[in-house]
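**Student:** Build me a model from this:
(2 chains, ligands or ions: 2)
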Amino acid sequence: MIEFRNVNKTYSTGTEAVNNASFVINKGEFAFLVGSSGSGKSTIIKLILKEEEPTSGNIIINGKDTTFLKPARVPYLRRSMGVVFQDFRLLPDKTVYENVAFAMYIVKATPRHIRRQVPMVLSLVGLSGKAKMYPNELSGGEQQRVALARALVNNPSMLIADEPTGNLDPDTAWEIMSLLNEINLRGTTVVVATHAKDIVDKMNKRVIHLSKGKIVSDKKGGYDCEI
Amino acid sequence: MRFNILGYLIKEGFRNVFKNKKSTISSLTIMCATMLVFGIFFLIGENVNYIINTVEQAQGIEVFIETDATEAEIEELGTKIRAMDAVNKVEYVTKEQALNRLKDRLKDQAYVLEIYEENNILPTSYIVTLTDLSKTKEVQEEILTFDHVKRIESSDQTISTLLKIANGIRIGTGVFLLFLIVISVFIISNTIKLSVHSRRKEISIMKYVGATNSFIRWPFIIEGIIIGVVAALLSIIIIGLLYNLVAGQIMESSVVALINISLLSFSEMFNLIICVYMGLGIGVGVLGSAISMRKYLEV
Ligand SMILES: Nc1ncnc2c1ncn2[C@@H]1O[C@H](COP(=O)(O)OP(=O)(O)OP(=O)(O)O)[C@@H](O)[C@H]1O
Ligand SMILES: [Mg+2]
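**Tutor:** Ligands and ions are numbered 1, 2, ... in the order given. Purely as a prediction, here's the structure:
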């Protein structure tokens, strides 16, 4: 469960990226975070991950207010969710396989479990044939799928994806979205930040619409529900 | 920590070592150099201690007894000396033994002793060896106050000179050890800093996917340990070869043969020096990397 209570974020540059945002995303929900470029979608995700600190307000994850979370606990907060970053954040000198396995190493998974799980998620995102390649040998869309595989590999209870279809052709984008939907149906909370209007319209899920850091609408339906 | 994690972390440590070949090699070189100089001090110190021990065992203090002392009085003197704190062993030398010792010492010229054969007026004596050579002077002074002591002979001069040398070397080694530690920690921490810097993007990514600080830190600590251990191994090989060469030369020289001392062989000191070097290498590696990691972990 993710709850924002009157959260504000003003960057040191003076940009007001999030303005008095309040919302609750319940366990098992599927929510889109939409809005034009610069509207604050990535900032909200960074706040959830404690990559950025809110200027004011409270963020509650799984019942815990993360405002006062000790630095030593932050890694455990981050492990409780799988995250697909807008800029992928893959380790450049590790192969596709190692990048995904890495997420399992840090939670101290057994070698057997790693050997079974990694090929499984790689085939889930359609990258079985590219396990031995390095990120710079992959297309943008393929890197995005590696990032998704890494986010999924530990079966997190929450999946957060920032533009997971940004670099994909419409067909592949749709495939990835169906995959996210399937994961959601298995009980995982899914939050997706995106511009992809047609997909959002087609999925008919909850849509949180941001404009200049403010939540301007929050309801089930399409991208352009009356603002 | 499970084995696979350990394996992963060690692999990453080696990866760091090879990724920054240049700085790894330069810190290895400097560490080897300081370890070698330290090792030279250390080995000389070990040898001087060894020589002192040899001298100590070979030549004790010789306490000559007045010729008019009765057997009971001689016995009593022996008991008194034995009871002293710093005394290790007390050996009685009879007139006959004293004569034989003189003969041994004079070898070819032993014929001058013929007159003693009939009328042995040589004094009897106690040969006293000490547990602690630095007490030589006090022991001598105390023995001189006892009854029936004629005079005392000892290799006082040699021993005090050796002790001074040994002390000097001990201080030198200590100072150098400190110097070695400071330099090496600085060098290793610099190397690791470069390594961390070249991986700072990776480090931040690891943190974003939930790696703990200790997980991130380990490969760098292992990198430091690897450099320390390799430097220790290289140094021990080099210093071993060097020592055998130099010690061999010294042993063959006529001076050493004359004063009848020997040096330790490298194999006798191997265990000690490998422990010292390994301890240094590992300790310095851990310390150096711990210092350099501190400020890089805040993401
Ligand atoms: N680290 C930063 N420092 C200063 N300003 C920032 C920083 N990150 C983002 N911003 C600003 O905050 C605003 C919101 O940015 P954010 O990345 O959240 O937008 P977004 O909705 O994710 O956009 P996009 O769809 O292009 O990814 C923008 O005006 C951006 O310039
Ligand atoms: Mg964004």
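**Student:** Within the helices and strands, which one has the residue nearest to residue A:54 when sequence neighbours are not counted?
**Tutor:** Ranked by C-beta to C-beta, 6 or more residues apart in numbering or on different chains and with sequence neighbours excluded, the top spatial neighbour of residue A:54 is residue A:7, at 4.9 Å. Heads up, the C-betas are built off the backbone N, CA and C, glycines and all. Per DSSP states H and E, residue A:7 falls inside strand A:2-10.
**Student:** Please identify the buried residues of that strand?
**Tutor:** Across strand A:2-10, burial judged by 16 or more other C-beta atoms under 10 Å in any protein chain shown covers A:2, A:3, A:4, A:5, A:7, A:9.
**Student:** who's in contact with residue B:238?
**Tutor:** The contact partners of residue B:238, by C-beta atoms under 8 Å, 6 or more residues apart in numbering or on different chains, come to B:32, B:36.
**Student:** Please read the previous query as pertaining to residue A:6.
**Tutor:** A:20, A:21, A:22, A:56, A:57, A:58.
**Student:** Using a markdown table, lay out the residues you listed together with pLDDT and distance to residue A:147.
**Tutor:** Formatted as a markdown table, the contacts of residue A:6 follow (pLDDT from 0 to 100; distance: C-beta to C-beta, whole Å):
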| residue | pLDDT | distance to residue A:147 |
| --- | --- | --- |
| A:20 | 94 | 31 |
| A:21 | 94 | 25 |
| A:22 | 95 | 29 |
| A:56 | 95 | 31 |
| A:57 | 95 | 29 |
| A:58 | 95 | 29 |
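**Student:** Of these - the most surrounded one?
**Tutor:** Neighbour tally across these (other C-beta atoms under 10 Å in any protein chain shown): the maximum, 24 neighbours, falls on residue A:21.
**Student:** Surely that one forms part of a strand?
**Tutor:** Yes. Residue A:21 sits within a strand when classified using DSSP: H, G, I helix; E, B strand; the rest coil.
**Student:** what sits up against the top helix by length along chain A?
**Tutor:** Counting residues, the longest helix found in chain A (DSSP state H) is helix A:170-185. For helix A:170-185, the external contacting residues (C-beta under 8 Å, 6+ apart) are A:28, A:30, A:124-126, A:141, A:144-145, A:148, A:152, A:159, A:161, A:164-165, A:168, A:190, A:192, A:196, A:198-199, A:203.
**Student:** now chain A, which segments are flagged as low pLDDT?
**Tutor:** Counting by pLDDT under 70, the ranges of chain A that qualify are A:225-227.
**Student:** Mind jotting down where the strands sit in the chain?
**Tutor:** Here I'm looking at chain A. Assigned by DSSP state E, the strands in chain A fall at A:2-10, A:16-25, A:30-34, A:56-61, A:64-65, A:81-84, A:158-162, A:189-194, A:205-211, A:214-221.
**Student:** nope, chain B please
**Tutor:** Here chain B has its strands, by DSSP E, at B:61-65, B:87-93, B:125-130, B:149-153.
**Student:** Of the ones you listed, give the one that comes closest to residue B:33.
**Tutor:** strand B:125-130 (39.8 Å; C-beta to C-beta).
**Student:** so how far is residue A:149 from the spatially most central residue of chain B?
**Tutor:** Centroid-nearest residue in chain B: residue B:46, 3.2 Å away (criterion: C-alpha atoms, centre = their mean). Distance, residue B:46 to residue A:149, using C-beta to C-beta, to the nearest Å: 59 Å.
**Student:** quick revisit: relative to the whole chain's centre, how far out is the strand holding residue A:7?
**Tutor:** 17 Å (C-alpha atoms, centre = their mean, to the nearest Å).
**Student:** From residue B:128, how far off is residue B:80?
**Tutor:** 11 Å.
**Student:** These two: who's more crowded?
**Tutor:** Ranked by neighbour count (other C-beta under 10 Å), residue B:80 and residue B:128 place residue B:128 first, with 25 against 15.
**Student:** Now for the more buried one: which residues touch it?
**Tutor:** B:60, B:61, B:62, B:63, B:81, B:87, B:89, B:90, B:91, B:139, B:143.
**Student:** how about 6 Å then?
**Tutor:** B:60, B:61, B:81, B:87, B:90 (C-beta atoms under 6 Å, 6 or more residues apart in numbering or on different chains).
**Student:** List just the nearest of those residues to ligand 1.
**Tutor:** Of all the contacts of residue B:128, ligand 1 sits closest to residue B:87, with 79.8 Å by C-beta to the nearest ligand atom.
**Student:** okay, now the closest one: neighbour count?
**Tutor:** Counted with other C-beta under 10 Å, residue B:87 comes out at 19.
**Student:** Kindly report the same for the one 3 residues further on.
**Tutor:** Other residues within reach of residue B:90 by the criterion other C-beta under 10 Å amount to 20.
**Student:** And stretch A:128-144, how far out from the chain middle?
**Tutor:** 19 Å.
**Student:** In that stretch, which residues are buried?
**Tutor:** Result for stretch A:128-144 [16+ other C-beta under 10 Å]: buried residues A:130, A:131, A:134, A:135, A:138, A:142, A:143, A:144.
**Student:** Outline the domain layout of the chain.
**Tutor:** No chain specified, so I'll use chain A. As recorded under automatic domain parsing, the domains making up chain A are A:1-80+A:156-227, A:92-155.
**Student:** my bad, the chain I had in mind was chain B
**Tutor:** Domains of chain B are assigned by automatic domain parsing as B:2-55+B:161-297, B:60-154.
**Student:** what is the mean pLDDT for the first one?
**Tutor:** So that's domain B:2-55+B:161-297. Averaging pLDDT along domain B:2-55+B:161-297 gives 84.
**Student:** Show me which residues of chain A sit near ligand 1.
**Tutor:** Counting by C-beta under 6 Å from any ligand atom, the residues of chain A close to ligand 1 are A:11, A:13, A:15, A:17, A:35, A:37-43, A:86.
**Student:** from the stretch 51-200 of chain B, which residue is nearest to ligand 2?
**Tutor:** residue B:200 (22.5 Å; C-beta to the ion).
**Student:** now that residue: how far from residue A:219?
**Tutor:** Taking C-beta to C-beta as the measure, residue B:200 falls 42 Å from residue A:219.
**Student:** Quick check: phi and psi on the one residue in the stretch 51-200 of chain B that gets nearest to chain A?
**Tutor:** The stretch 51-200 of chain B approaches chain A most closely through residue B:199 (9.1 Å), counting by C-beta to the nearest C-beta. Main-chain torsions, residue B:199, degrees, to the nearest 10: phi -120, psi 20.
**Student:** Equivalent analysis for residue A:62, please.
**Tutor:** phi 50, psi 40.
**Student:** Give me the neighbour count for residue 160.
**Tutor:** Here I'm looking at chain A. Around residue A:160 there are 24 residues (other C-beta under 10 Å).
**Student:** that's the wrong chain, I meant chain B
**Tutor:** Neighbours of residue B:160 using other C-beta under 10 Å come to 14.
**Student:** how close does the closest residue to it other than its chain neighbours get to residue B:142?
**Tutor:** Nearest residue to residue B:160 in three dimensions, chain neighbours excluded: residue B:136, at 7.4 Å (C-beta to C-beta, 6+ apart). Separation of residue B:136 from residue B:142 (C-beta to C-beta): 11 Å.
**Student:** of those two, who's got more company?
**Tutor:** Neighbour totals were compared for residue B:136 and residue B:142, and residue B:136 leads with 21 against 15 (other C-beta under 10 Å).
**Student:** sorry, back to before: could you dump the domains of chain A to a markdown table with distance to ligand 2?
**Tutor:** Listed next are those as a markdown table, based on distance: least, C-beta to the ion, whole Å:
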| stretch | distance to ligand 2 |
| --- | --- |
| domain A:1-80+A:156-227 | 3 |
| domain A:92-155 | 14 |
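**Student:** Export these as TSV, with columns for distance to residue B:270.
**Tutor:** Formatted as TSV, these follow (distance: least, C-beta to C-beta, whole Å):
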stretch	distance to residue B:270
domain A:1-80+A:156-227	44
domain A:92-155	38
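**Student:** of the ones you listed, which approaches residue B:21 most closely?
**Tutor:** Short answer: domain A:92-155, nearest of these by C-beta to C-beta, at 14.9 Å.
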